[in-house]
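>>> Let's see this in three dimensions:
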Amino acid sequence: MKPRVDYLLSATLFLSPQLAGDRIYFISDLSGRLSLWTMDADGSVPERLLPADVALLTPELVACESFVVVPELGKVVVVLDNNGDENMQPCVVPLTGGDPEPLFGDRFAGQQVVLVSLDPDGRGRILVDPRTRPELEAYEFDLTQPGAGLNLLGSSNYGYYPGGRDADGGRYLIVDEYLSRDTTLWLWERATGERRLLRGTPIDARSDDEPVRREGFGDGWFVGDDGALVESFVFDDLGGLAWLIPVAATLYVLGNVGGLGAWLTGPARVAFVIGLDRYFPPAFGRVHPRWKTPYVVILTQGVLATIFLLLSVLGKGTTVEKAYLIVLDTMLLVYFIPYIYLFICYLVVRLGEQPAGPNPGWGGKAAALGVGLSGLLLTLGAMLVATIPPSDTAEPWLFRLKVIGGAALFVIIGGVVYWRGRRKAAIPALTSR
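Next up is the predicted model:
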């Protein structure tokens, strides 16, 4: 049997496959025109789901989705036009096939409807071009609700494309497009029923004097409560994924690195000096031969801080978390005690000095008194704030007792360590006499 040349030049098309359970749904021209078909995932005879006189457009010519299978609801939503007029309308077909029924009845008759997305739970988004006015309208819908639960999100002369939705449907990412790769990104919130600008410069806010950087956005996905992952054409004309908050995330990391340096490497110098004086084990006074840092103290504090942090995370919502907060506030009190010494010593020294001249100005005792008292009062105020319990604390007095008592206990432990160190230093001095 000789193969037909025209068949080789026009191979059968199998387009846009979707796997739903143990069935594959796809668009094919097996019958001579593009239609919707289905077959078993592990192989079977294809079955046509649409009547023979209904034809589909090539998926490449359809904006967004050509069809979506919703097996939980026993439906397929397929986008059809009327004899090639390109006024696309979402229609519903049973999983076993049959005559398509308009999803929204005659609501959008004569208009072009783009099926942007349809989730497995039956919630979806459409973009409508009325064909009679310039505004494009975005809607959300729900196949499980009467009348498909149609709800208007908003309209714009420049698109109002609903590119993404969060899990509960309370927020949408909206894209307005002015030119190719020239868009603005907005956040629509159900709580307000309005949208606010996230990225880009709206067309009515532009001027001829200031150049505008064109940024192209497409579909998006919410990530947590504070971020979104969006399809972006800012870095590549072919598109890619970009965070909306990379700068904020970078600054957040740098801030935490700075906080780590302030809370670990700074106080480590105190333990280092105590190690030099032999009140702590001598290893605490060691300095790294290359980096010239008290590495033993830094590593010890890093390990202890990591353990406490893991306990707070793993025990979130339990008594472990409450205990961690109490220890944290206790450490704040202990941390600020040296600053009290510092400002008191500053006041004693400066107020006891003789004036530098007849007109000391900002270097006089009045200025020293203001600076010293300001620092002292600010430190005492911070310590007072650390003793304030969280709003959901059942027994505030017990919280304060634990925080203040814990700080006093650590001070006592420090005193005992100091006393033992002094005693060990005094014994060799007595034996040498």
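
>>> List the contacts of whichever helix or strand Gly163 is part of.
Counting by DSSP states H and E, the element that carries Gly163 is strand 161-165. With contacts defined as C-beta atoms under 8 Å, 6 or more residues apart in numbering, strand 161-165 is touched by 116-117, 123, 125, 127, 136, 138, 140, 153, 171-177, 188, 217-222, 228, 230-231. For the C-beta atoms, the positions are set from N, CA and C on the backbone; glycine is no exception.

>>> same thing with stretch 327-334?
With C-beta under 8 Å, 6+ apart, stretch 327-334 has contacts from Phe308, Ala382, Met383, Ala386, Thr387, Lys402, Val403, Ile404, Gly406, Ala407, Phe410, Val411.

>>> Can you list the buried residues in it?
Of all the residues in stretch 327-334, those buried under the rule 16 or more other C-beta atoms under 10 Å are Val327, Asp329, Thr330, Met331, Leu332, Leu333, Val334.

>>> now swap in stretch 68-79 and tell me
Buried residues in stretch 68-79, counting neighbours by 16+ other C-beta under 10 Å, are found at Val68, Val69, Val70, Lys75, Val76, Val77, Val78, Val79.

>>> coming back round to it: tell me the strands beside the next helix or strand after the strand holding Gly163, with direction?
Scanning forward in sequence from strand 161-165 by DSSP H and E, the next helix or strand is strand 171-179. Within its sheet, and counting by DSSP bridges, strand 171-179 is paired with strand 161-165 (antiparallel), strand 182-189 (antiparallel).

>>> Of the contacts of stretch 327-334, select the buried ones using a PyMOL command.
In PyMOL, selecting the buried portion of the contacts of stretch 327-334, with burial taken from 16+ other C-beta under 10 Å, looks like this:
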select buried, resi 383+386+387+402+403+404+406+407
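
>>> Need the buried residues of stretch 68-79 in a markdown table (columns: pLDDT).
As requested, the buried residues of stretch 68-79 are exported to a markdown table (pLDDT from 0 to 100):
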| residue | pLDDT |
| --- | --- |
| Val68 | 94 |
| Val69 | 95 |
| Val70 | 94 |
| Lys75 | 93 |
| Val76 | 95 |
| Val77 | 95 |
| Val78 | 95 |
| Val79 | 94 |
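
>>> Let's verify the closest residue to Asn157 other than its chain neighbours: helix, strand, or coil?
Sequence neighbours aside, Pro134 is the residue nearest to Asn157 in space, at 5.0 Å (criterion: C-beta to C-beta, 6 or more residues apart in numbering). Look at Pro134: counting by DSSP: H, G, I helix; E, B strand; the rest coil, its state is coil.

>>> Relative to Tyr160, how far out is Pro134?
Pro134 sits 12 Å away from Tyr160, taking C-beta to C-beta, to the nearest Å as the criterion.

>>> Which one's more surrounded, these two?
Tyr160 (24 against 10; other C-beta atoms under 10 Å).

>>> Surely that one is in contact with Asp176?
Yes. Using C-beta atoms under 8 Å, Tyr160 is in contact with Asp176, at 6.5 Å.

>>> Going along the chain, name the helices of the stretch 101-250 of the chain.
Listed in chain order, the helices of the stretch 101-250 of the chain (DSSP state H, counting those that start in this stretch) span residues 246-260.

>>> Poorly predicted segments of it, please.
The stretch 101-250 of the chain contains residues with pLDDT under 70 at 235-236, 241-249.

>>> residue boundaries of the strands in it?
In the stretch 101-250 of the chain, the segments counted as strands under DSSP state E, counting those that start in this stretch are 101-102, 112-118, 123-129, 136-142, 151-156, 161-165, 171-179, 182-189, 194-199, 217-223, 227-232, 240-243.

>>> Would you mind finding the most buried of the ones you listed?
Mean neighbour counts were taken over the strands of the stretch 101-250 of the chain using mean count of other C-beta atoms under 10 Å, and the top value, a mean of 25, falls to strand 161-165.

>>> Using a markdown table, please lay out the buried residues of stretch 327-334 together with pLDDT.
Below are the buried residues of stretch 327-334 laid out as a markdown table (pLDDT from 0 to 100):
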| residue | pLDDT |
| --- | --- |
| Val327 | 81 |
| Asp329 | 81 |
| Thr330 | 86 |
| Met331 | 81 |
| Leu332 | 82 |
| Leu333 | 87 |
| Val334 | 85 |
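
>>> just curious, which of those is nearest to Thr293?
Distance ranking of the buried residues of stretch 327-334 against Thr293, using C-beta to C-beta, places Met331 first at 22.2 Å.

>>> Among the strands of the stretch 101-250 of the chain, which comes closest to Thr393?
Once the strands of the stretch 101-250 of the chain are compared by C-beta to C-beta, strand 227-232 is nearest, at 32.0 Å.

>>> strands paired with the closest one, and their directions?
According to DSSP bridges, strand 227-232 has the following sheet partners: strand 217-223 (antiparallel), strand 240-243 (antiparallel).

>>> and the longest one, how far out from the chain's middle?
In terms of C-alpha atoms, centre = their mean, to the nearest Å, the centre of strand 217-223 is found 12 Å from the chain centre.

>>> CA atoms only: put it into PDB for me.
Written as PDB, here are the backbone C-alpha positions of strand 217-223 (Å, rounded to 0.1, in the frame of the first residue of the first chain):
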ATOM      1  CA  PHE A 217       3.000  41.300  32.900                       C
ATOM      2  CA  GLY A 218       0.900  38.200  32.300                       C
ATOM      3  CA  ASP A 219      -0.600  35.600  34.600                       C
ATOM      4  CA  GLY A 220       0.300  35.600  38.300                       C
ATOM      5  CA  TRP A 221       0.100  33.500  41.400                       C
ATOM      6  CA  PHE A 222      -0.200  34.700  45.000                       C
ATOM      7  CA  VAL A 223       2.600  33.600  47.300                       C
END
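
>>> Val385 and Leu332: what is the separation?
Between Val385 and Leu332 the computed distance is 9 Å (C-beta to C-beta).

>>> likewise Leu276?
Separation of Leu276 from Leu332 (C-beta to C-beta) stands at 26 Å.

>>> And Val296, by the same measure?
Taking C-beta to C-beta as the measure, Val296 falls 25 Å from Leu332.

>>> what's Leu95 in contact with, if anything?
With contacts defined as C-beta under 8 Å, 6+ apart, the neighbours of Leu95 are Arg23, Thr38, Val69, Pro71, Gly74, Lys75, Val76.

>>> In helices, which of those appear?
Here DSSP state H is the test, and the contacts of Leu95 give no hits in helices at all.

>>> From the residues you listed, which land in strands?
Cross-referencing the contacts of Leu95 with the strands (criterion: DSSP state E) gives Arg23, Thr38, Val69, Lys75, Val76 as the overlap.

>>> Next, format the residues you listed as TSV and append distance to Glu60.
Formatted as TSV, the entries for these read as follows, by distance: C-beta to C-beta, whole Å:
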residue	distance to Glu60
Arg23	24
Thr38	21
Val69	20
Lys75	25
Val76	20
